[in-house]
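**Student:** I'd like to go over a predicted model; first the sequence, then the structure.
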Amino acid sequence: MTEAADASPWRVSLPHSAEAVPLARALVRTALAHLEETTHSDTAELLTAELVANAIQHTRDDHPIELVVELLPTGCQVEVHDRDPAPPGNLTDPGDMPDPWQEDGRGLLLISTLSSACGHRATDQGKAVWFTLPAC
């Protein structure tokens with residue numbers, strides 16, 4: 001097994017299309033299999049899928065998005081990079097409960113509720129939206 005503290009982040013470019021979501025989930029599942037301490041893989045996959053789907057839905061160009069999975073001694077951090085510099089909705093307070101009859105509107109609520117920390121930051125080419133999960 002790889003020591004989490006010595007591991008480099010896993011980075012992959014994903015297509016700007018719906019096919020990116022299952023690819024991202026598979027990469028996260030594979031990366032987390034390398035942790036000495038287990039992390040909630042199902043939760044990591046779900047939150048990653050939300051970040052990737054949001055990046056595809058809310059960016060207008062065909063540039064690939066980038067998934068970065070960093071294995072930490074205390075769990076993992078997942079980032080999704082896109083070219084849109086506009087920040088996502090408020091991750092720390094996603095607002096009112098979404099309408100139960102609508103198909104979307106739950107992603108940020110899931111991310112802020114199920115992760116141990118989350119946020120976003122500007123990058124040279126847009127932004128990165130991230131979450132962390134602790135080891136179990």
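**Tutor:** Received it, and whenever you're ready, just let me know what you need.
**Student:** Every contact and neighbour count from this point should use C-alpha atoms.
**Tutor:** Will do.
**Student:** How about residues contacting stretch 14-22?
**Tutor:** With contact meaning Cα atoms under 8 Å, 6 or more residues apart in numbering, stretch 14-22 is reached by 23-24, 49, 52-53, 56, 61-67.
**Student:** Buried ones from those, can you make that a PyMOL selection?
**Tutor:** Applying 16 or more other Cα atoms under 10 Å to those leaves a buried subset, and the PyMOL line that selects it is:
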select buried, resi 23+24+49+52+53+56+64+65+66+67
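**Student:** Looking at the contacts of stretch 14-22, which are in helices?
**Tutor:** Here DSSP state H is the test, and the contacts of stretch 14-22 give 23-24, 49, 52-53, 56 as lying in helices.
**Student:** Pick out the most distant pair among those.
**Tutor:** When Cα to Cα is used, the two most widely separated members of the ones in helices among the contacts of stretch 14-22 are 23 and 56, lying 13.4 Å apart.
**Student:** any idea which residue sits dead centre in this structure?
**Tutor:** The residue lying closest to the centre of the chain (Cα atoms, centre = their mean) is residue 48, at 3.7 Å.
**Student:** From residue 53, how far off is residue 35?
**Tutor:** Using Cα to Cα, to the nearest Å, residue 35 is found at 25 Å from residue 53.
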